[in-house]
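Asks: dropping a prediction and its sequence here:
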Amino acid sequence: MATPVRDELPVVPVRYPGRWVAAVVVLVLIAMLAHWLVATPGLHWDVVRDYLFNSSILTGVRRTIVLTIIAMATGIVLGILLAVMRLSPNPIVSGFAWLYIWFFRGTPVLVQLLFWYNLPAVVHSLSVGVPFGPSWAHTDPKTIITQFTAAILGLGLNEAAYMAEIARAGILSVDEGQTEAAQSLGMTRLATMRRIVLPQAMRVIIPPTGNETISMLKSTSLVFAIGYMELLTTAQVIYGRTFQTIPLLLTASIWYLALTSVLYVGQYYVERYFARGSTRQLPPTPLQRVRMLAMGRTH
Amino acid sequence: MVQAVSVHKKFGSLEVLKGIDLTVERGEVMCIIGPSGSGKSTFLRCINHLEKVDSGQLYVDGDLVGYERRSDKLYELRDNEVARKRAEIGMVFQRFNLFPHMTAMENVTCAPVHVQGVQRAKAKSEGERLLARVGLAGREHTYPRQLSGGQQQRVAIARALAMEPKLMLFDEPTSALDPELVGEVLDVMRDLAKSGMTMIVVTHEIGFAREVGDALVFMDDGVVVEAGAPRDVLSNPQHARTRDFLSKVL
């Protein structure tokens, strides 16, 4: 009765005809898209090729990268600060953080960019000193607000509001027992946050931050509104002159795709770093997998 | 070492501690037993100021917990002053609360290095000694998730000992463990008691309390119902509530 039937009779695996139909449909659609991309003369791939490594385009790419890095760094640092403020027992401090997040999440980033850029038109003097008292130094905002600084302010301050919520979720995800254990060892509130809570919160903070970085890379294109010459604005200036709109938008898109691909890889390794200790055994990286395959091992 | 005088604690309108009076001498091992919700853990957490006492006095080594007396006023201690006091008291939790992003060694050396400013090399050699003492030599570079519950709790004990505490608090240290792992943790605690450490142990291990404890306290509903030598309390309980509880757990 209990003898394994499998050993004696041939086994017919279950078949999935639906999967084959779906695969064929998708492949046909991909072939149509590929054909359209190659066969449409209006796309002018020759123009794309000529401009892909054009020096002004490359300058634009560099500026997009710099803008992304600075705006994102501003967002992360301010965001973590706001998250800690938001969790403060002081109601004025947490209330301020709430208000900041409410304001910057509640207005379009494009409006914020235009706002910062046009601010010098109404604010004529910026000074450092005692509040409502004497000032030691003052300057004309026009000298500070350039297209670049307005872009950083607009993108960075807006990002901080989103990062604050991400960081807050991360901090709250860490078990309270961790704080208690740290405090019982004599760590101060600040040391507990820095050494125990934040490193563990990172595991929750990193994936959405990767998303935000990718989103930021693309949001930098909004600064065309204030005329900062990053990748998209540069492409626009060129097609404004040559009328080769689509090829230049394709050029810009190829660069955006290339840059986000790099971010994908970076995110993978950063996530891996902060996952240490969270699983018994980290899975091998793709590189390690290739190496193992080459050496003929499966595990 | 620890003296409690009429300690009260409320959570909202719920009175958890209704006047606790206790004294623990230096080098003494006191076990606290009692039904869940009786306030044992809360009392333990008051001793290192994880919970704030509402009224009454709690002294550790002659100092009032959480306050400083200057002339005729009590000044509440600042965050960093409270932290300094806590550093002198080791605590072991029911759920271990090891830092999962650090190896066993990093868990043990973290506080000595960052709180006491001990040099890293010195903290490491001390850490190796402590991990060996709790029977975990060779597991220095293992992360908590790769260890069994019993091993994790022993790392947690080593972590607390690394601060060279004058008092150790154990909050149901074996309650989250599989039955076959309880013994290895109790062994470490037994050795610690033999070495002369002052210990307060909230536990359900009646056998451990009888064998290792110098004093046994039975708490119920926020008060100390009965206290005395473990043998006396266990074999000849004076109160009906103690008898009732013991009949259920023995």
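Replies: Looks like it arrived, so ask away. Numbering: from 1, shown residues only, chains lettered A, B, ... in the order given.

Asks: show me where the stretch 151-299 of chain A has helices.
Replies: A:176-184, A:189-191, A:198-219, A:231-242, A:245-274, A:286-294 (DSSP state H, counting those that start in this stretch).

Asks: for the ones you listed, which one sits closest to A:T40?
Replies: helix A:245-274 (9.3 Å; CB to CB). Just so you know, the C-beta spots here come from the backbone N, C-alpha and C atoms, and that holds for glycine as well.

Asks: next, format the helices of the stretch 151-299 of chain A as TSV and append mean neighbour count and mean pLDDT.
Replies: Putting the helices of the stretch 151-299 of chain A into TSV (neighbours: other CB atoms under 10 Å in any protein chain shown; pLDDT from 0 to 100) gives the following:
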stretch	mean neighbour count	mean pLDDT
helix A:176-184	20	95
helix A:189-191	16	89
helix A:198-219	19	91
helix A:231-242	19	94
helix A:245-274	15	91
helix A:286-294	11	78
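
Asks: quick one, which of the ones you listed gets closest to chain B.
Replies: helix A:176-184 (3.7 Å; CB to the nearest CB).

Asks: now the closest one against helix A:198-219, angle please.
Replies: If you take axes from the mean of the first three to the mean of the last three CA atoms, to 10 degrees, helix A:176-184 sits at 120 degrees to helix A:198-219.

Asks: what is helix A:176-184 packed up against?
Replies: helix B:79-86, strand B:89-92 (3 or more CB pairs under 8 Å, 6 or more residues apart in numbering or on different chains; DSSP states H and E).

Asks: what is the last one packed up against?
Replies: Using 3+ CB pairs under 8 Å, 6+ apart as the contact definition, the elements that strand B:89-92 packs against are helix A:176-184, helix B:149-161, strand B:167-171.

Asks: residue of the stretch 51-200 of chain A with the smallest distance to chain B?
Replies: Closest residue of the stretch 51-200 of chain A to chain B, CB to the nearest CB: A:G186 (2.6 Å).

Asks: ok, B:V29 touching B:V212?
Replies: Yes: if you go by CB atoms under 8 Å, B:V29 and B:V212 touch, sitting 5.7 Å apart.

Asks: wait, is A:G75 part of a strand?
Replies: No: under DSSP: H, G, I helix; E, B strand; the rest coil, A:G75 sits outside any strand and is assigned helix.

Asks: quick one: which of the helices and strands packed on strand B:89-92 is nearest B:K9?
Replies: strand B:167-171 (15.3 Å).

Asks: quickly run through the sheet partners of the closest one, with directions.
Replies: Here strand B:167-171 has these sheet partners by DSSP bridges: strand B:89-92 (parallel), strand B:199-202 (parallel).

Asks: which residues touch the first one?
Replies: The one in question is strand B:89-92. A:181, A:184, B:44, B:47-48, B:50, B:60, B:153, B:156-157, B:160-161, B:163, B:165-171, B:173 (CB atoms under 8 Å, 6 or more residues apart in numbering or on different chains).

Asks: in JSON lines, list the helices and strands packed on strand B:89-92 along with distance to A:T68.
Replies: Below are the helices and strands packed on strand B:89-92 laid out as JSON lines (distance: least, CB to CB, whole Å):
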{"stretch": "helix A:176-184", "distance to A:T68": "33"}
{"stretch": "helix B:149-161", "distance to A:T68": "41"}
{"stretch": "strand B:167-171", "distance to A:T68": "48"}
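
Asks: average pLDDT for the longest helix along chain B?
Replies: The longest helix of chain B (DSSP state H) is helix B:179-194. Averaged across helix B:179-194, pLDDT comes to 94.

Asks: any chance you could map the strands in chain B?
Replies: Using DSSP state E, the strands of chain B run over B:2-11, B:14-24, B:29-33, B:55-60, B:63-64, B:67-70, B:73-76, B:89-92, B:167-171, B:199-202, B:215-220, B:223-228.

Asks: just the stretch 51-200 of chain A next, same as before
Replies: According to DSSP state E, counting those that start in this stretch, the stretch 51-200 of chain A carries its strands in the segments A:126-129, A:135-139.

Asks: around chain A, pick out the residues from chain B.
Replies: Residues of chain B found near chain A (CB under 8 Å from any CB of the partner chain) are B:48, B:50, B:79-80, B:83-84, B:86-91, B:93, B:95, B:97-103, B:110-111, B:114-116, B:143-146, B:156, B:159-160, B:163.

Asks: give me the buried subset of those residues.
Replies: When those are checked for burial by 16 or more other CB atoms under 10 Å in any protein chain shown, the buried set is B:48, B:50, B:83, B:86-91, B:93, B:95, B:97-103, B:110-111, B:114-115, B:143-144, B:146, B:156, B:159-160, B:163.

Asks: just list the residues touching B:R45, thanks.
Replies: B:E51, B:D171.

Asks: distance of it from B:D171?
Replies: 7 Å (CB to CB, to the nearest Å).

Asks: so where's chain B uncertain?
Replies: Filtered on pLDDT under 70, chain B yields no residues whatsoever.

Asks: tell me, what residue is most central in the chain?
Replies: As the question left the chain open, I've gone with chain A. A:T213 (1.1 Å; CA atoms, centre = their mean).

Asks: looking at chain B here, not the other one
Replies: Note: chain B centre (CA atoms, centre = their mean) maps to B:L169, 1.3 Å.

Asks: bridging residues for it?
Replies: Here B:L169, judged by DSSP bridges, has bridge partners B:M91, B:I200.
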